[in-house]
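Trainee: this one's sequence-less:
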């Protein structure tokens, strides 16, 4: 049922959004006359690799710098790139990945192999479902770039203060993946988040509680307080290195 929903919704989206997709592709190409698309290697369901397609929001070969996490003030982001990232337009080409069956409209956001290689055993459950364009965690951390801004080591900060909560929220979704009602709610909240973030987070916090999340995770979902460092699910301590996870 979920796959049928993804297939119909992504196909319809590609047709209806084709004028916008063409305009964005042209504007990006006109910046530097380079490909408007960025093909990113990601780890999919069952740890199978696939190529995720995005609109390019950074300078060419930005991925060769060895930094996976992107801060809001990252100099690699182009002027137009900041705009399309603000409204998540860079993710729209992933409707093609959904149509092909490599992704779902809703599911844990895909990650690069060097990050999934250090997942704890608990986090590996995130790879039991198709990765998605949006989910609970991507709404809560839609300001991820702002959280990482000014950090001397964005990857380490991501692993310490974003990944633990993001993975917990992703695991809550995995426990309820297959619910079309939940998927529709999260797609709607993704849109609401772009225009009324406090309202979206308030609704989402209640949803996290109803799905079995504890009071601390529901409070994190509201994003009213500074994020605290925490161990990833299944780990005993906070990550001290961006390449290893103590378990």
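Mentor: Right, received. Where do you want to start? These figures come from a predicted structure and were not determined experimentally.
Trainee: mind checking pLDDT for residue 82?
Mentor: You'll see residue 82 listed with a pLDDT of 87.
Trainee: what helix or strand is it on?
Mentor: helix 79-86 (DSSP states H and E).
Trainee: ditto for residue 234
Mentor: Using DSSP H and E, residue 234 sits within no helix or strand.
Trainee: try residue 206
Mentor: helix 197-210.
Trainee: by contact count, what packs against that helix?
Mentor: Using 3 or more C-beta pairs under 8 Å, 6 or more residues apart in numbering; DSSP states H and E, the elements in contact with helix 197-210 are helix 136-140, helix 180-195, helix 215-222. Just so you know, the C-beta spots here come from the backbone N, C-alpha and C atoms, and that holds for glycine as well.
Trainee: gap between the nearest residue to residue 177 once chain neighbours are set aside and residue 183?
Mentor: Closest residue to residue 177 apart from its sequence neighbours, by C-beta to C-beta, 6 or more residues apart in numbering: residue 129 at 4.8 Å. With the distance defined as C-beta to C-beta, to the nearest Å, residue 129 ends up 11 Å from residue 183.
Trainee: give me the common contacts of the two.
Mentor: residue 104 (C-beta atoms under 8 Å, 6 or more residues apart in numbering).
Trainee: and residue 111, backbone torsions?
Mentor: phi -130, psi 170 (degrees, to the nearest 10).
Trainee: what does residue 166 give?
Mentor: The phi/psi pair for residue 166 (degrees, to the nearest 10) is phi -60, psi -40.
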